[in-house]
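K.L.:
sequence? don't have it. structure:
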């Protein structure tokens, strides 16, 4: 089991939930909505906001912040809620690619790489940029420049002390993870919540953390099985192209976090693997847990079919673009 990664995830989830409880993120999103002129501007604002927030709040938590606002807007306006949520899922997958703490697979592979946070960001920046370059025109095509009538994001109460304290705690947690002190990071996050927001542990999605625990434990042991050892030594998997294709394909069927766990235990290069499994988050909904969370939050009829109408073509366009950009920049 990768205990450091699990402790790091726990610390991040605690602090991020404290930010969520404070109301700061929701207030920022609502103010953005009140200043948007049309559906395209709103979509670009929410999608890019989700991408940026996922670099520090993780992809799952960024969705938990932005999707409820999107669904609420759909109750008072004619915006295409399901389509917007689908693109918000794309956005958090793309944005979180840039950050060592943006998603669970990056946190795991960052720890495995031994790189500093700045070096990890530099290595993943070309792939993240390629995804965002593809995402922006896709949003422009998908959302018309039609005026939104009657939309009002409203205001939510804000706990300033909790929000600013949680932001400072997040910076400290990231620094501790940078210094490879996940135990200290988890302890700091727990103490902050104990004194400033004791309701946070009760609101945390412990089932999601349990899922990651099972992934790290079960797949780590699976990778060590003798029957799989010839696979890890295969020449094609040691090549950049072979790893890239295998990681994307495997992500489609078992999700990109388990794919990362399995392949890094098999000796794959952590940075090249990080690029591949983040691309693998597009395509089928199972490619990323963030996709499933987004669809669960919106609860729309035919949501899965609508998701695949956009996500499969996006993967077909994204995979070769990221390959070319990453190869050209290395």
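P.N.:
Received it, and whenever you're ready, just let me know what you need. The structure presented is a predicted model; accordingly, all values stated were derived computationally and were not measured. Numbering: from 1, shown residues only.
K.L.:
Identify the residues contacting the residue nearest in space to the middle of the chain.
P.N.:
The residue at the geometric middle of the chain, judged as the C-alpha nearest the mean C-alpha position with Cα atoms, centre = their mean, is residue 59 (2.3 Å). Residue 59 makes contacts with 92, 93, 95, 96, 102, 103, 288, 290, as judged by Cβ atoms under 8 Å, 6 or more residues apart in numbering. Quick note: C-beta positions are derived from backbone N, CA and C, even for glycine.
K.L.:
mind giving me CSV with those residues and columns for secondary structure?
P.N.:
Rendered in CSV, the data for the contacts of residue 59 read as follows (DSSP: H, G, I helix; E, B strand; the rest coil):
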residue, secondary structure
92, helix
93, helix
95, helix
96, helix
102, coil
103, coil
288, coil
290, helix
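K.L.:
Need the buried ones from the residues you listed selected in ChimeraX.
P.N.:
The buried subset of these, as determined by 16 or more other Cβ atoms under 10 Å, is captured in ChimeraX by this line:
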select :92,93,95,96,102,103,288,290
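K.L.:
Point out the least confident one among the contacts of residue 59.
P.N.:
Among the contacts of residue 59, residue 290 carries the lowest pLDDT, at 85.
K.L.:
nearest residue to that residue other than its sequence neighbours?
P.N.:
The spatial neighbour of residue 290 that comes closest, neighbours along the chain excluded (Cβ to Cβ, 6 or more residues apart in numbering), is residue 59 at 4.4 Å.
K.L.:
Ok, residue 264 next?
P.N.:
Nearest-residue entry for residue 264: residue 112, 5.3 Å, with adjacent residues in sequence omitted and distances by Cβ to Cβ, 6+ apart.
K.L.:
Roughly how far does the one you found sit from residue 126?
P.N.:
Residue 112 sits at a distance of 20 Å from residue 126 (criterion: Cβ to Cβ, to the nearest Å).
K.L.:
Equivalent analysis for residue 186, please.
P.N.:
The span separating residue 186 from residue 126 equals 32 Å under the rule Cβ to Cβ.
K.L.:
Alright, calling it a day.
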